[in-house]
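Engineer: just the structure for this:
(2 chains)
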2 protein chains.
Amino acid sequence: MTVLDKVNDPTDIKALTPLELEELATNVRDAILNRVSQYPGGHLGPNLGVVEMTIALHKVFNSPVDKLIWDVSHQSYPHKVLTGRKEFFTDKDKFSGTTGYTDPEENEHDFIRVGHTSTSIATAMGYALARDVQGKKENIVAIIGDGALSGGLAFEGLDGAGTLNGNLIIIVNDNEMAITENHGGIYQHLADLRASKGTSANNLFKSFGLDYRYLEEGNDIQSLIVLFESVKDINRPIVLHIHIEKGHGYKPAVENKEGMHQVFAPFDIATGQPVNSSTNIVRSYNNVFLDFMEEKLAKGDNLIAINAAIPMFFGLSQFAKNHPKNYVDGGIAEQYTVTLGGAIAAAGTRAIIFQNATFLQRAYDQLNHDLALNKEPAIVIISNSQIGGTNDTHQGSFVYSQTSNIPNVIDLAATSEEDLFAMLNWAYNQHEHPVFIHLPEHTLENRPTKITDFSKPQYEVVKSGEKVAILGLGAMLEKAENVAEELEKSGFNPTVVNPFFANLLDVAALDKLSETHGLFVTIEDGTKDGGFGQKVATYLASKGIKTLVYGADTEFIDAVPKEELYNRYHIRPELMATDIIEATKESKGPNFFKKIFSK
Amino acid sequence: MTVLDKVNDPTDIKALTPLELEELATNVRDAILNRVSQYPGGHLGPNLGVVEMTIALHKVFNSPVDKLIWDVSHQSYPHKVLTGRKEFFTDKDKFSGTTGYTDPEENEHDFIRVGHTSTSIATAMGYALARDVQGKKENIVAIIGDGALSGGLAFEGLDGAGTLNGNLIIIVNDNEMAITENHGGIYQHLADLRASKGTSANNLFKSFGLDYRYLEEGNDIQSLIVLFESVKDINRPIVLHIHIEKGHGYKPAVENKEGMHQVFAPFDIATGQPVNSSTNIVRSYNNVFLDFMEEKLAKGDNLIAINAAIPMFFGLSQFAKNHPKNYVDGGIAEQYTVTLGGAIAAAGTRAIIFQNATFLQRAYDQLNHDLALNKEPAIVIISNSQIGGTNDTHQGSFVYSQTSNIPNVIDLAATSEEDLFAMLNWAYNQHEHPVFIHLPEHTLENRPTKITDFSKPQYEVVKSGEKVAILGLGAMLEKAENVAEELEKSGFNPTVVNPFFANLLDVAALDKLSETHGLFVTIEDGTKDGGFGQKVATYLASKGIKTLVYGADTEFIDAVPKEELYNRYHIRPELMATDIIEATKESKGPNFFKKIFSK
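Structural biologist: Numbering: from 1, shown residues only, chains lettered A, B, ... in the order given. As a prediction, this is how the structure comes out:
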């Protein structure tokens, strides 16, 4: 029987001896490795680094009365193991029983559903203010990693915390790197603080009016316990700067901190090597823009590629090494990277900003003001603009309700590599508009497009037919073609259209189509609300033309398989074909309208 | 002839003697006072404070080769006066020729159209990176006021600036207060820096890796010139912390810094007193929530009212004085205030967050994640959800395309004080949903509502008729009633509906109405794209029912009078009545649909 076998709740940790706590750390580490080595997509290095800290936190504080608030919460695995959820780590059959993030609906020791960075201090401040107004006394603890410190909301939180007259403990869990190496002036400052063992006269945290302590031995349980005991029930806000080792206790993760930050394929625990060596990533649309940028640089163009701490998802790491002057990683700071890109474009250098849809929502205001209002011809390449495929904490399906409703922008959805090239090439050579290009998340086939100018909306009729017109935006063009084939089985000959534009209507094309088509169908890879189809439907509704809009409902979707979502939203050729055939049988509008308005 | 008479361009400043520069400062100050005292809505105190600094900047640097980037740009009046735009300040007939913000389309010395805070450092970094990749050498200068330093993007910018190997001059224009007093830990730090004349060992700016200098005499032209000369062409990023006096040189503005930050009514320059003493603000919906909160506190409830540096627009200043524990001003930090409110609600205290629509777009991600994903029952009261009424830098008409497309939320638009009370009362007593309540921007009349439960969408038929149904959301209910009256003159008897909900459809009501109505009309006080009407039209289009959607186009609107916008968008009773009568005459759908799909 291991020590972990005896720990079903944090209270079980209180009575453990120092030796048992050490064994518990080993057990927790084994449980994490057991899960992450077999269940792709989990975070490894960040969790291994905070095993000792989490044990010490639960030894000293009384969760859930005392509140531990984990930033991003991708480092909450040890916390989950110690708060009644160990079977999700030790039992392979139960891996899917928990996500990689905290969730109040899952467990009383969790306080926020989170996946974006830098919110923990603001959240902890909310709990602290509520506690004070309620006359309570518990400890509020925010745990934020160094990588999350570059996000503006973290600074806003530190600034707000400096005004508190009460207990607040902010743990800066400093593992010397975020996902990749950290970017930004404060990382040198954190290094200076580490080098001086926290004694440097210059101290960012003190500038915000916060008390401060430093702990060098952040993977030593007893040192951690001593530190936490010393600040428990403190009557003012304090920062505990704790130096930990990312991947601690597992050699492959210590030696390959970036590669084992998050693991996407099963691996052998003994070696850290992937079990299946053939997990090559297939050639993707990344090469379209990487080749494009290389070609432009070879010609002597000025361009700068920008991203916010996720170069690996766009294949930008090698580009960054080859062209350091033409590459900026702004760290986890989406607002900054968008405003920066706008200014670079304003100054006459081409700016290409790479963003994930879920993180881009941090920069809505900057898209609206610093790009669109200023008409800066920056290009934003957006991944994860899709229904499903993620946890609800990283959902990309809301992106079109933001991007497609901002003025002055050309908001494009690529269907294929050829589309993507045509869009990028046009966007790069114009200077009138910010251009957003959403990458398709499906496998691409060869689909040459004839369109080379995207300055005005123009639809491409992919298949010419009659009566029913189906518009499939971006990746959904494939579904449009499939439903057309399905309808052909019932004697229909539908038209299929690639609309390219998420925000602007090709009114001439719609008018022309409506001369010979009585029913329109739109399909998009995002929410219906605020998206492409509702714009088409509204235009057609003003003329009394029947339209069916397909896309996601306005709901959070937590790791539901895509096929299940397609069923739920009827985005399957058979289901859509049935709907469409039904819709052609009658229309509330036609006879009824005539009856009502005829004299 | 004054010195200003001779200054038509910044180059004219170069040759002026010290005495002439002093006189120029007086002339510039007089020009600003001339405009602001007669042209309501202008910023006074911030501009008077930077007159000397602006003269020194243009004396030392070579604009527009060297680039001056003004944060928010509400303090750019002296810059405008000195860059060929003095007649917009000296000549009453030309006041409307310039806005209160910088605009590259207006003048080559302006580099960004801006009105939200905290973007200048990121923008300057973009210009600096573009300069370096282009192999150029000019100075890039960002000027940011102390109040704007609390916004997360300012910190992201400082953090990014710390990585630059090149020229960047960041002027922190410290006037000891923002719009109202500053809130946040860094303001004590700025005070410490001022008290130590910049010599404090602890230094926020140095923490970001930036060089730093302090100037106490920030209203002394010669001292400013010496400082700027000393850093011109510097090869690294540096912060110049310049202590200035808000309102400098004009006693009424020095003595009443908050009241004369921005001036909304003409005043007598001699006294600083309003010309027309009867400019009382009429009783408004503010009293609805102020009275509501007072009543709840009197009963011993726990609640916290939150806002981000704009208490005066909600009448919250007195509330703050009376209930300091129940009030948080987070400073200019919208992200922080939304996340904070969510956590306060999660901790069981009622949180009511007050935001202006234009600034709320800074916190889209926090609305989506920290409120909606977490289903925190915080209440967000939103002003400025309207078409027009502002500059394009402060446009509120995009708000519904954000708020109405987020899951789990109840997004409500109030028509009247009675609506507002009913919505607030319901929202306060439920614990299931974040609730957004948009305030109407029009004068309100007494319009009692019968609805007391907003947990499920339910429309209220305000006037029962037939054939044509008109839905007027929020303030636009009045327009719906007016167009109905207009239609009655042509023999129609339209139905008028208050839909209350911007995001959810009362499908049962729509179905019932569509039994006896052949044409639907929606009117909303925001953009059509992404808003309420497109949701209604999409639902009805799926049944082939004709619908007309009225609202704003997706465009930036710069201080265009509301009546002109209503004309442009046809939101006038006569124009809508004509459209509607025309629409009842024929429908593309009816006969056509039948013809196409009949065998």
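
Engineer: which residues of the stretch 351-500 of chain A fall in helices?
Structural biologist: A:357-360, A:364-366, A:399-403, A:417-429, A:477-488 (DSSP state H, counting those that start in this stretch).

Engineer: need those in a markdown table with distance to B:F267, can you?
Structural biologist: Heads up, the C-betas are built off the backbone N, CA and C, glycines and all. Listed next are the helices of the stretch 351-500 of chain A as a markdown table, based on distance: least, Cβ to Cβ, whole Å:
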| stretch | distance to B:F267 |
| --- | --- |
| helix A:357-360 | 44 |
| helix A:364-366 | 33 |
| helix A:399-403 | 41 |
| helix A:417-429 | 49 |
| helix A:477-488 | 61 |
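
Engineer: buried deepest among the ones you listed, which one?
Structural biologist: Among the helices of the stretch 351-500 of chain A, helix A:399-403 has the highest mean neighbour count (mean count of other Cβ atoms under 10 Å in any protein chain shown), at a mean of 29.

Engineer: any idea how far that helix is from the chain center?
Structural biologist: The chain centre lies 14 Å from the centre of helix A:399-403; the measure is Cα atoms, centre = their mean, to the nearest Å.

Engineer: does that helix reach chain B?
Structural biologist: Yes: in terms of Cβ under 8 Å from any Cβ of the partner chain, part of helix A:399-403 sits within range of chain B, namely A:401-402.

Engineer: would JSON lines of the helices of the stretch 351-500 of chain A with distance to B:R350 and mean pLDDT be doable?
Structural biologist: Listed next are the helices of the stretch 351-500 of chain A as JSON lines, based on distance: least, Cβ to Cβ, whole Å; pLDDT from 0 to 100:
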{"stretch": "helix A:357-360", "distance to B:R350": "30", "mean pLDDT": "98"}
{"stretch": "helix A:364-366", "distance to B:R350": "27", "mean pLDDT": "98"}
{"stretch": "helix A:399-403", "distance to B:R350": "29", "mean pLDDT": "98"}
{"stretch": "helix A:417-429", "distance to B:R350": "47", "mean pLDDT": "96"}
{"stretch": "helix A:477-488", "distance to B:R350": "45", "mean pLDDT": "97"}
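
Engineer: wait, which of those helices is closest to B:N175?
Structural biologist: helix A:364-366 (24.9 Å; Cβ to Cβ).

Engineer: count of residues packed around the closest residue to chain B within the stretch 251-400 of chain A?
Structural biologist: For the stretch 251-400 of chain A and chain B, the shortest gap (Cβ to the nearest Cβ) falls at A:A343, measuring 2.4 Å. Neighbour count of A:A343, defined by other Cβ atoms under 10 Å in any protein chain shown: 31.

Engineer: ditto for A:L297
Structural biologist: Residues within reach of A:L297, counting by other Cβ under 10 Å, total 17.

Engineer: just the CA coordinates for the helix or strand containing it, please, in PDB.
Structural biologist: Per DSSP states H and E: A:L297 is located in helix A:286-298. This file holds the C-alpha atoms of helix A:286-298, laid out as PDB (Å, rounded to 0.1, in the frame of the first residue of the first chain):
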ATOM      1  CA  ASN A 286       1.600  25.600 -42.400                       C
ATOM      2  CA  ASN A 287       3.900  25.200 -45.300                       C
ATOM      3  CA  VAL A 288       1.800  27.500 -47.400                       C
ATOM      4  CA  PHE A 289       2.600  30.500 -45.300                       C
ATOM      5  CA  LEU A 290       6.100  29.400 -44.300                       C
ATOM      6  CA  ASP A 291       7.100  29.000 -47.900                       C
ATOM      7  CA  PHE A 292       5.400  32.200 -48.800                       C
ATOM      8  CA  MET A 293       7.300  34.200 -46.100                       C
ATOM      9  CA  GLU A 294      10.600  32.500 -47.000                       C
ATOM     10  CA  GLU A 295      10.100  33.500 -50.600                       C
ATOM     11  CA  LYS A 296       9.300  37.100 -49.700                       C
ATOM     12  CA  LEU A 297      12.300  37.400 -47.500                       C
ATOM     13  CA  ALA A 298      14.600  35.900 -50.200                       C
END
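
Engineer: which residues touch A:R572?
Structural biologist: A:479, A:566 (Cβ atoms under 8 Å, 6 or more residues apart in numbering or on different chains).

Engineer: repeat the analysis, applying 7 Å as the threshold.
Structural biologist: A:Y566 (Cβ atoms under 7 Å, 6 or more residues apart in numbering or on different chains).

Engineer: where along the stretch 151-300 of chain A do the helices fall?
Structural biologist: Going by DSSP H, counting those that start in this stretch, the stretch 151-300 of chain A shows helices at A:152-161, A:185-195, A:204-207, A:221-231, A:251-255, A:286-298.

Engineer: ranking those by burial, who's on top?
Structural biologist: Using mean count of other Cβ under 10 Å, helix A:152-161 ranks as the most buried of those, with a mean of 30.

Engineer: low-confidence ranges in the stretch 201-350 of chain A?
Structural biologist: For the stretch 201-350 of chain A, residues meeting the criterion pLDDT under 70 lie at A:277-283.

Engineer: what residues does it have near chain B?
Structural biologist: A:201-204, A:206-210, A:302, A:304, A:325-326, A:328, A:330-331, A:333, A:335-336, A:339-344, A:346-349 (Cβ under 7 Å from any Cβ of the partner chain).
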